[in-house]
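Enquirer: Structure of the sequence below:
(2 chains)
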Number of protein chains: 2
Amino acid sequence: MSTDLQKTDRTTISRHDERGSYDREVAYAILDEGLVAHVGLDTGNGVMVIPMTYARLGDDLILHGAVASRWLGSFEKGRPVSVCVTLLDGLVLAQSAFSHSMNYRSVVAFGVARVITDAATKGAAFKALLDHLIPGRWEDSRQPDKKETDATTVLAMPIDEASVKIRSGPPKDAARDLELPYWTGVIPLRLSAGTAIPDPQMKEQRTIPDYAVAYSRSAQSRD
Amino acid sequence: MSTDLQKTDRTTISRHDERGSYDREVAYAILDEGLVAHVGLDTGNGVMVIPMTYARLGDDLILHGAVASRWLGSFEKGRPVSVCVTLLDGLVLAQSAFSHSMNYRSVVAFGVARVITDAATKGAAFKALLDHLIPGRWEDSRQPDKKETDATTVLAMPIDEASVKIRSGPPKDAARDLELPYWTGVIPLRLSAGTAIPDPQMKEQRTIPDYAVAYSRSAQSRD
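Expert: As a prediction, this is how the structure comes out:
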C-alpha cells in the first residue's frame, strides 16, 4: 500500500487549503494524464523554469535530455529540483471580477533528481517516457540503440515531498454578489487531439495505427 | 518599434538552437495565447515552481495573488523569478523511439517581479488579467472594490531577458531510419473549450454571453 505524500513546509497548502491533497493516487492520476512538466532548478545564476516531457516509473518521476545539455550536465551527484504538472479544466466566470478563477488539477513536487546509469532502469525509463506520450507506441517503433542510449541523460526524482491542488465546480461568489445580473458558470477546457497527420517522408501510404486513432478520440477527455 | 528580447547566458538556447527565437512579437503571441504560467522562485529552502494565471500588460508580465499568500509576501523589494509559458501543439511520432518529440511553443523569461502599488496600474492589471482569461468579461462583471484591491498583491515583471522555443512540423528521423516500416507523423493537440455550463446559483436563467460562446468556438484553435 502506498503512503501519503510528504507534507513539509514547502508542500503545505497555505491558500485555499480545501483544494489541497496529499493523496498519492490522486497525484499519480494527474502526473499520468499530463504531457509536460515544468521543472525549476537553481542555475547558480538564479532560478530557471523549463518545460520537459516526463514519465512516472513507479514512485519516481523520470526526466530526460541530451547528455550534451548544459543543464543536465550537473546531475551526476543529484540536484534539487521542483517539478510542477498542471492540467487546465475550465474558466470559472463569477459575478465579481475578483472571484474569477480556473478549474485545474496540479501537482507540485520537490526532490533530488539523479542520473540513472543502470542499463535496465534506463531502458525501463525510455519505455515509460514513450508509453506516457502515447500508449502502444513503444512496441511500434525502433527502440534505442547503444549510441542513442549513451547520448541521453535520464534523471529520476523520487515522488515523495509533493502536494496536489485541485479546483473544480462552479464559481463561488460572495452571497451579496449573487443578486448581480451577470451570467456565471464554467467554460470547460481540455487538451484535445486532432486527426493524425502522416509524415510526408513515409516511403508508402500506411494506415494510422489503432492506438493513434484511439488517442485522437480520447485525449484527456473528461466527459 | 519593439526591440528583441535579451540574449544572456541564461536565455541562450544551447540545444536545438534552430528552434530558438528572441523575437518579442513571437514571444508576446505565445504569452497572449497561454492561460497558465509556471513561476519559479527561490523559497530560501530550495526552488519552487507553481502554476499561476497571468497577463501581459505592455512589456510587463503581470502575476497576482492574495496579500495573505506566503510566497507573495516578500516581493515588496522585488524578487527574481523565472516564468515559463508552454503551449502544446502535437505529439511527434518518429520511426525511432529516440526521435519522438512534441510540437510546442514556449517562452522562458527571467526578471525581477515587483509589487505594484500605484492604483491606476493596479486597476489596469486587474483588467488585463480578466481580459487575458476571456476577452469581453471585464465589462460584464462587477469590478474590484477597494477591499478586494487591497487584499490582492499584483506583481509586474519586465519582459526582457527571455527566449522563445518552438518545434513544429513532422518528425525528423535519421536517414537510415526512413526505411523502417512504422507509421510516422504528428497527432495535433490543442486546448479546446466546451459549451459553457451555467452556475446553478444564478437567480434566473440567463443567456450565455456572446463572448463565452465565441470562446468555446475558437479557444486556441490553430486550424
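Enquirer: what about chain A, any weak spots by pLDDT?
Expert: Applying pLDDT under 70 to chain A flags the ranges A:1-2, A:73, A:219-223.
Enquirer: Which segments of it make up each domain?
Expert: Here the domain assignment for chain A is A:17-189, A:192-223, based on automatic domain parsing.
Enquirer: Please convert those to JSON lines, extending it with mean neighbour count and distance to chain B.
Expert: Every residue, glycine included, has its C-beta placed from N, CA and C. Shown next, in JSON lines, are the domains of chain A (neighbours: other CB atoms under 10 Å in any protein chain shown; distance: least, CB to the nearest CB, whole Å):
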{"stretch": "domain A:17-189", "mean neighbour count": "19", "distance to chain B": "4"}
{"stretch": "domain A:192-223", "mean neighbour count": "15", "distance to chain B": "4"}
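Enquirer: nearest spatial neighbour of A:Gly46, skipping sequence neighbours?
Expert: The shortest distance from A:Gly46 to any non-neighbouring residue, by CB to CB, 6 or more residues apart in numbering or on different chains, is to B:Pro80 (5.1 Å).
Enquirer: Surely that neighbour forms part of a helix?
Expert: No. Using DSSP: H, G, I helix; E, B strand; the rest coil, the assignment for B:Pro80 is strand, not a helix.
Enquirer: Would you confirm that it contacts B:Ser74?
Expert: No. Counting by CB atoms under 8 Å, B:Pro80 does not reach B:Ser74; the two are 11.6 Å apart.
Enquirer: between the domains of chain A, which gets nearest to B:Gln205?
Expert: domain A:17-189 (9.8 Å; CB to CB).
Enquirer: and the closest one, how far apart are its ends?
Expert: Length of domain A:17-189, first residue to last, CA to CA, to the nearest Å: 23 Å.
Enquirer: Also stretch A:167-180?
Expert: 23 Å.
Enquirer: quick one, what contacts the residue nearest to A:Gly46?
Expert: By CB atoms under 8 Å, 6 or more residues apart in numbering or on different chains, B:Pro80 lies in contact with A:46-47, B:41-42, B:110-113.
Enquirer: then stretch A:65-74 to CSV, C-alphas only?
Expert: In CSV, the C-alpha atoms belonging to stretch A:65-74 read as follows (Å, rounded to 0.1, in the frame of the first residue of the first chain):
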residue,chain,number,x,y,z
GLY,A,65,17.6,15.1,-22.2
ALA,A,66,20.7,15.1,-24.3
VAL,A,67,23.9,14.4,-22.5
ALA,A,68,25.3,17.5,-24.2
SER,A,69,22.6,19.7,-22.5
ARG,A,70,24.1,22.4,-20.3
TRP,A,71,21.5,21.9,-17.6
LEU,A,72,21.6,18.2,-17.4
GLY,A,73,25.4,18.0,-17.2
SER,A,74,25.5,18.6,-13.4
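Enquirer: Please enumerate the helices of chain A.
Expert: For chain A, helices defined by DSSP state H occupy the ranges A:24-33, A:119-133, A:146-150, A:210-218.
Enquirer: As a markdown table, those with distance to A:Ser69 would be great.
Expert: Below are the helices of chain A laid out as a markdown table (distance: least, CB to CB, whole Å):
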| stretch | distance to A:Ser69 |
| --- | --- |
| helix A:24-33 | 22 |
| helix A:119-133 | 15 |
| helix A:146-150 | 14 |
| helix A:210-218 | 28 |
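Enquirer: how about the ones you listed, which one is nearest A:Ser163?
Expert: helix A:24-33 (7.9 Å).
Enquirer: So which other helices or strands are in contact with the closest one?
Expert: Packing partners of helix A:24-33 (3 or more CB pairs under 8 Å, 6 or more residues apart in numbering or on different chains; DSSP states H and E): strand A:54-57, strand A:79-93, strand A:101-115, strand A:161-167.
Enquirer: rerun at 10 Å
Expert: For helix A:24-33, the elements it packs on are strand A:54-57, strand A:79-93, strand A:101-115, helix A:119-133, strand A:161-167, judged by 3 or more CB pairs under 10 Å, 6 or more residues apart in numbering or on different chains; DSSP states H and E.
Enquirer: A:Ser74 touches A:Leu41, doesn't it?
Expert: Yes. At 9.1 Å, A:Ser74 counts as touching A:Leu41 under the criterion of CB atoms under 10 Å.
Enquirer: Contacts only, for A:Arg206.
Expert: Applying CB atoms under 10 Å, 6 or more residues apart in numbering or on different chains to A:Arg206 gives the contacts A:198-199, B:181-185.
Enquirer: Please repeat the previous calculation with a cut-off of 6 Å.
Expert: Each residue near A:Arg206 by CB atoms under 6 Å, 6 or more residues apart in numbering or on different chains is listed here: B:Trp183.
Enquirer: again with A:Glu204
Expert: Contact analysis of A:Glu204 by CB under 6 Å, 6+ apart lists nothing.
Enquirer: farthest-separated two in the contacts of B:Pro80?
Expert: Distance extremes for those: the farthest pair is B:Asp42 and B:Gly111 at 13.9 Å, using CB to CB.
Enquirer: In space, what's closest to the residue of chain A positioned farthest from its centre - neighbours in sequence excluded?
Expert: Of all residues in chain A, A:Glu179 has its C-alpha farthest from the mean position, at 39.5 Å, by CA atoms, centre = their mean. Nearest non-adjacent residue to A:Glu179, counting by CB to CB, 6+ apart: B:Lys203, 7.1 Å away.
Enquirer: and if you look at A:Ala94?
Expert: A:Pro171 (3.6 Å).
Enquirer: cool, A:Gln6 as well?
Expert: A:Glu161 (4.4 Å).
Enquirer: thought the one you found was touching A:Lys7?
Expert: No. Checked against CB atoms under 6 Å, the pair A:Glu161 and A:Lys7 is beyond contact range at 8.5 Å.
Enquirer: and A:Ser82, what are its bridge partners?
Expert: Here A:Ser82 sits in beta bridges with A:Gly40, A:Phe110, as judged by DSSP bridges.
Enquirer: my read: it touches A:Phe110, true?
Expert: Yes. Contact between A:Ser82 and A:Phe110 holds when scored by CB under 6 Å: they sit 5.2 Å apart.
Enquirer: quick one: contacts for the closest residue to A:Ser101 other than its chain neighbours?
Expert: Leaving aside its sequence neighbours, A:Ser101 sits nearest to A:Val92 (CB to CB, 6+ apart; 4.1 Å). Counting by CB under 6 Å, 6+ apart, A:Val92 makes contact with A:101, A:103, A:171, A:186.
Enquirer: and with 7 Å instead?
Expert: A:Val92 is in contact with A:100-103, A:171, A:186, counting by CB atoms under 7 Å, 6 or more residues apart in numbering or on different chains.
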